[in-house]
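Undergrad: Predicted model and sequence below, questions to follow.
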Amino acid sequence: MVEFGSPELLERFCKGIQAGAPVDSFVTPVAWEMPGYDHPVIMAAGSFVQGASIELSADGPMREPYSVYLQGGLTFESGKLGIMLAASNLETQGKQGNQNTH
């Protein structure tokens, strides 16, 4: 679990995880109202099989403290790539956002 403290950072992280997925890396995860949850949930995964938990995925409810639950990783390299892209996505988009506000 990683706590971000803001919905924007949670979304950026999930987008980075999705970008590193072996399948559906072009998909943009979006929070939505899922049955059984009391808040919108964002999910990122690039599984070869629907619902697979061995492959890298991240999901979290869009509510404070804006935590994401990270699990799996089919191989070390695949997991590392997804996490590095997620971290890079946080840093890069953060810098772009700061540049646009000055």
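TA: In hand now; what should we look at? Numbering: from 1, shown residues only.
Undergrad: Quick one: residues contacting A19.
TA: Neighbouring residues of A19 by C-beta atoms under 8 Å, 6 or more residues apart in numbering: S25, G82, L85, A86, N89. For the C-beta atoms, the positions are set from N, CA and C on the backbone; glycine is no exception.
Undergrad: where's the spatially closest residue to the third one that is not a sequence neighbour relative to D38, distance?
TA: Sequence neighbours aside, G20 is the residue nearest to L85 in space, at 4.1 Å (criterion: C-beta to C-beta, 6 or more residues apart in numbering). Counting by C-beta to C-beta, to the nearest Å, the separation of G20 from D38 is 29 Å.
Undergrad: ok, these two, which is more surrounded?
TA: Higher neighbour count among G20 and D38: G20, with 21 against 9, using other C-beta atoms under 10 Å.
Undergrad: Can you tell me which of the contacts of A19 comes closest to G73?
TA: Closest approach to G73 among the contacts of A19 (C-beta to C-beta): G82, at 7.3 Å.
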